[in-house]
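> here you go, sequence then predicted model.
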Amino acid sequence: MKKALIAAAVLSVVGYAHAETATYAIDPTHTFVIYEANHFGTSTNRGRFDKKEGSVQFDKAAKTGKVEVSFETASVNTGVAQLNTHLQSKDFLNSAEFPTAKFVGDQFTFDGDKVSAVSGTLTLLGKSNPVTLKATNFNCYTSPMLKREVCGGDFETTIQRDQWGIDYGIKMGMKPDVKLLIQVEAIKQQ
């Protein structure tokens, strides 16, 4: 009987800890994936991906979680149609063959109660490489409109695009480093 009570107590604690993990859906109206790339040492080319989705599993008490954000490569938008078409081509994103890019992060770093970084893998053009997104902002709040908790922040990293096989223009003087800026807000699901 005593063993049964101990087992029940352990199971209730495990169940309670598991219940602390909350699921959040990425809000596409408050989430943006933006890139910045140097253009021949002269100016900065900027663009964003208009179609994105994802989810976050987050346990504040255990300071653990998992985030998945995917974006459609054909939705790249620089504001210049001809440049968008070139970026979608085999020279860069090869959107016809690789329509989706995805970041999956499952290693959260905290500074106190705030997420300071998320490490994981970025898959682009069918190749996966490790990436760490540094949080420059992180917060959770109760949305006055939705009456639900929303968590998010601004995250950034710099990647070397040639690690994913995107080497167009490097021999002509374009730099391989691309800064990714990811603004994320995710809504707690009921």
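The structure has been received and is ready for your questions. Residues are numbered from 1 along each chain as shown.
> could you identify the helix or strand that succeeds the helix or strand of the chain with the lowest mean pLDDT?
None of the helices or strands of the chain scores lower by mean pLDDT, DSSP states H and E than helix 2-19, at a mean of 43. The helix or strand immediately downstream of helix 2-19 is strand 22-26, counting by DSSP states H and E.
> so which bits of that following strand are buried?
Residues 22, 24, 26 are the ones in strand 22-26 that count as buried (16 or more other CB atoms under 10 Å). All C-beta atoms are positioned from the backbone trio N, CA, C, and that covers glycine.
> ok, residue 45 touching residue 76?
No. Assessed by CB atoms under 8 Å, residue 45 is found out of contact with residue 76, at 11.1 Å.
> more neighbours: the two, which one.
Just comparing residue 45 and residue 76: by other CB atoms under 10 Å the higher neighbour count belongs to residue 76, 23 against 17.
> figure out the length between the terminal residues of stretch 151-169.
Terminal residues of stretch 151-169 lie 38 Å apart, using CA to CA, to the nearest Å.
> run through the residues that contact the most centrally placed residue in the chain.
Taking CA atoms, centre = their mean as the criterion, residue 69 is the residue nearest the geometric centre of the chain, at 4.6 Å. Taking CB atoms under 8 Å, 6 or more residues apart in numbering as the criterion, residue 69 is in contact with 26, 31, 33, 52-54, 102-103, 182, 184.
> what of residue 59?
17, 20-22, 65.
> for stretch 50-64, buried residues please.
By 16+ other CB under 10 Å, the buried positions in stretch 50-64 come out as 51-56, 58-59.
> er, stretch 147-163 actually
In terms of neighbour count (16+ other CB under 10 Å), stretch 147-163 has its buried residues at 149-153, 155, 157, 159, 161.
> can you tell me which strand in this structure is longest?
The strand that spans the most residues within the chain, counting by DSSP state E, is strand 127-142.
> for the protein, which segments count as strands?
When secondary structure is read from DSSP E, the chain shows strands at 22-26, 32-39, 43-49, 52-59, 64-72, 76-77, 100-111, 114-124, 127-142, 149-160, 177-188.
> closest to residue 114 among the contacts of residue 69?
Set against residue 114, the nearest of these by CB to CB is residue 184 (14.1 Å).
> any idea how far residue 143 is from the closest one?
Distance from residue 184 to residue 143, counting by CB to CB, to the nearest Å: 15 Å.
> who has more neighbours, those two?
residue 184 (26 against 14).
> wait, the more buried one touches residue 31, no?
Yes. Taking CB under 8 Å as the definition, residue 184 is a contact partner of residue 31 at 5.0 Å.
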